[in-house]
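Asks: no sequence on hand, only this structure:
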């Protein structure tokens, strides 16, 4: 009896000690998530059900009035469509381009370290600064694109294609900048995945006479699917929630046709002062992001388990 | 020698982090901005004195004597925190920062003067109200009607100033006072006119002057052919918001009437929309669709632009940076429409005192002394800041007749007439929270742009705008502020 009880007690103490140690290790991260993500989330849900505005802390219950109002608003519906469209197009473009770049960078060629370094620059530079640079590239009067086109006689001396002033071009400009800034991250992730593919498998496929595309689509991509899931998740999250690019490039113009949910939430909630409606608009991002996150994480988990 | 293990490293890092955390929690007073050369950086601690005003300021003797003696607390003198925009005429900020430090030193008040980009003002104000913490005095560039319940009423301040300086320009009352609640929610120490800035050499070539909107359209047709189009924005930004309202008023229409009733849906609005469409299509290029608030300034100094609507900061920039171009730019009154000649002010420098401020009396005294110093302020702003109380700078309309730095010297003379044709956003009614939200949501900008680009017919664009405007007015009427 005595001889078995002592180790049990000792083991229990060990567990308790370990749990406490782990608890303290997890505490900062938990507090961080609660204070900087959980609390604002709860607050925004509360705001969206109230009458609060920037200059009037009126927390009285408004029910679903704010949600009804924004659903009836054409600009909100346009912003929702833009958000989904931009996210999907950016996602596809980033996946295709990052796969191409990762495949190229997996090979040996002269100047590879420099190319890798240059590729990472857009990711390393602050998004606000790089977007301001893009704003000048697309500027209504001093666009370098228009300047080159004029020098090449592609456009006339008084022609100024308005990259940020025509609705369709404004959306294309936003997509270009989003792809430009997210591509390095997705490429690095994909490159890490492709580098981890066992060399023997590729060599065996080569012996069997598999071509480049067979190896890519039948061996490499299936094996890197879990890590591609991470790239998809982050690309979707970064694009869906970003407001800096839209705000700096177009501020939602022309005539509110290039707003995304986050920029329209800021315009309504902060600039125009209707915090309650702004919170309601922002909350529309939550279910979509939750579904994407759960789906991608489950996909990755399944692949790892298999 | 003992090995430096991972455990040691972790202990060292956590100790450093804990020390940093404790140091930051210990807090401290905000660091005042350093005074420019010549200013007194460190206010001296004065003996305890009565917090009541000690002297009356004279309009002609700017802050010659201390006018408020703040009672020092146990932790030191009172700290007055002020936030305002980075002025478009940088010399004014230099003067202001030096003056506030001198004022602080004379009054035993430590003054923190912060400047931020004008575009950051709404977010900053929202953050301060939410946190119930921040600056004592907060300057908006636009009447902050939606903040009325969060600010200290300034009725007593206005009464005192009126006793001292006489009548103010009606623009002050119509921008800072709510007749519904009988509250002065802000104080506008100055406003900036929004005249027409045009290339006289180019207009001379087509034999026109931009006196009416019709003149601008007719000249613009020819100027566009010459490669010098008109530069009035059709974009989600403040200059467009003001320009479109100016066109509406010229055509005899407005969002609300004098009693705060929505009256936008009338034939005159359709007429204004049709005119703006013509102006955009025949006298402008598509570049105005993508403009921000600084684009029209850049357009003018690029040498391509024939005409813009802007404050005189654009001409001051040209004088400082493009001396060859500057003499070619002339200034004119806001254009007359078929029914009226009214234009929005370009900047409404509206100070509020937040309710959470512990220094309400000191802040009010600061504003009084600022008005007393307006002779210098007006000069430092290079005529940009037009005082709300004309007697604060009794000869300002004479001063603008002759500017030795301008070419020709009477270039700015037309500003003397600005009080006659400058009105508030919300005119012919008072500025209110609904008008502010309509402005900030760019509803008028969008209505005009949709019509100008052919995206919507004037009737459809007006109907959509009216629906949004009615909703916003109803919301604010329900809340008792309109």
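Replies: Received, thanks. The model shown is predicted, which means the values in this text are computed figures rather than measured ones. Numbers count the residues shown, from 1 in each chain, chains lettered A, B, ... in the order given.
Asks: name the surrounding residues that touch the helix or strand containing residue B:81.
Replies: Using DSSP states H and E, the element containing residue B:81 is strand B:78-85. Here strand B:78-85 makes contact (CB atoms under 8 Å, 6 or more residues apart in numbering or on different chains) with B:29-30, B:32, B:70-72, B:96, B:100, B:104, B:108-118, B:121, B:124, B:134-139, B:141, B:349, B:351, B:359, B:362-363, B:366. The way it works is simple: take the backbone N, C-alpha and C, and place the C-beta from them, glycine included.
Asks: what's the PyMOL line that selects buried ones from those?
Replies: Per 16 or more other CB atoms under 10 Å in any protein chain shown, the buried members of the contacts of strand B:78-85 correspond to this PyMOL selection:
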select buried, chain B and resi 32+70+72+96+100+104+108+109+110+111+112+113+114+115+118+121+124+134+135+136+137+138+139+141+349+351+359+362+363+366
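Asks: after the strand holding residue B:81, next one along is what?
Replies: With elements assigned by DSSP H and E, the helix or strand that comes after strand B:78-85 is helix B:90-107.
Asks: before we move on, the earlier item: what is the mean pLDDT for the strand holding residue B:81?
Replies: Average pLDDT, strand B:78-85: 95.
Asks: pairing partners for that strand, with directions?
Replies: Here strand B:78-85 has these sheet partners by DSSP bridges: strand B:109-116 (parallel), strand B:137-140 (parallel).
Asks: make TSV out of those and add mean pLDDT.
Replies: Below are these laid out as TSV (pLDDT from 0 to 100):
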stretch	mean pLDDT
strand B:109-116	96
strand B:137-140	97
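Asks: out of the ones you listed, flag the one nearest residue A:279.
Replies: Set against residue A:279 and scored by CB to CB, those come closest in strand B:137-140, at 22.9 Å.
Asks: starting at the chain centroid, how far to that closest one?
Replies: Strand B:137-140 has its C-alpha centroid displaced from the chain centroid by 10 Å (CA atoms, centre = their mean, to the nearest Å).
Asks: over to stretch B:263-279?
Replies: Centroid separation between stretch B:263-279 and its chain, computed with CA atoms, centre = their mean, is 27 Å.
Asks: go on, stretch B:79-91?
Replies: 12 Å.
Asks: one more: stretch B:308-320?
Replies: Distance, stretch centre to chain centre, for stretch B:308-320: 15 Å (CA atoms, centre = their mean).
Asks: quick one: contacts of it?
Replies: By CB under 8 Å, 6+ apart, stretch B:308-320 touches B:88-89, B:192-198, B:231-232, B:239, B:242-243, B:246, B:296-297, B:299-301, B:325-326, B:329, B:331, B:334, B:343, B:346-347, B:382-384, B:405-407, B:411-412, B:415.
Asks: where does chain B dip in pLDDT?
Replies: Applying pLDDT under 70 to chain B flags residues B:1-76.
Asks: would you confirm that residue A:55 contacts residue A:272?
Replies: No. At 11.3 Å, residue A:55 does not count as touching residue A:272 under the criterion of CB atoms under 8 Å.
Asks: who's in contact with the residue nearest the centre of chain A?
Replies: Of all residues in chain A, the one closest to the mean position by CA atoms, centre = their mean is residue A:238, 1.5 Å from it. Taking CB under 8 Å, 6+ apart, we find residue A:238 in contact with A:178, A:182.
Asks: that one - that's part of a helix, no?
Replies: Yes. Counting by DSSP: H, G, I helix; E, B strand; the rest coil, residue A:238 falls inside a helix.
Asks: how near is it to residue B:431?
Replies: Distance check for residue A:238 against residue B:431: by CB to CB, to the nearest Å, it reads 40 Å.
Asks: now do residue B:213
Replies: Taking CB to CB as the measure, residue B:213 falls 24 Å from residue B:431.
Asks: between these two, who's got more neighbours?
Replies: Between residue B:213 and residue B:431, counted using other CB atoms under 10 Å in any protein chain shown, residue B:431 has the larger neighbour count: 27 against 23.
Asks: burial check on the closest residue to that one other than its chain neighbours, number of neighbours?
Replies: Spatial nearest neighbour of residue B:431, excluding adjacent residues (CB to CB, 6 or more residues apart in numbering or on different chains): residue B:143 at 4.4 Å. By other CB under 10 Å, the residues close to residue B:143 number 30.
Asks: and residue B:143, which of the three is it?
Replies: Secondary structure assignment for residue B:143 (three-state DSSP): coil.
Asks: quick one: residues contacting it.
Replies: Contact analysis of residue B:143 by CB under 8 Å, 6+ apart lists B:175-176, B:186, B:188, B:348, B:350, B:424-425, B:431, B:436.
Asks: not counting sequence-adjacent ones, nearest residue to residue 240?
Replies: Picking chain A for this. With CB to CB, 6+ apart, the residue lying closest to residue A:240 is residue A:87, at 4.9 Å.
Asks: actually chain B
Replies: Once flanking residues are discounted, residue B:240 sits nearest to residue B:233: 3.8 Å by CB to CB, 6+ apart.
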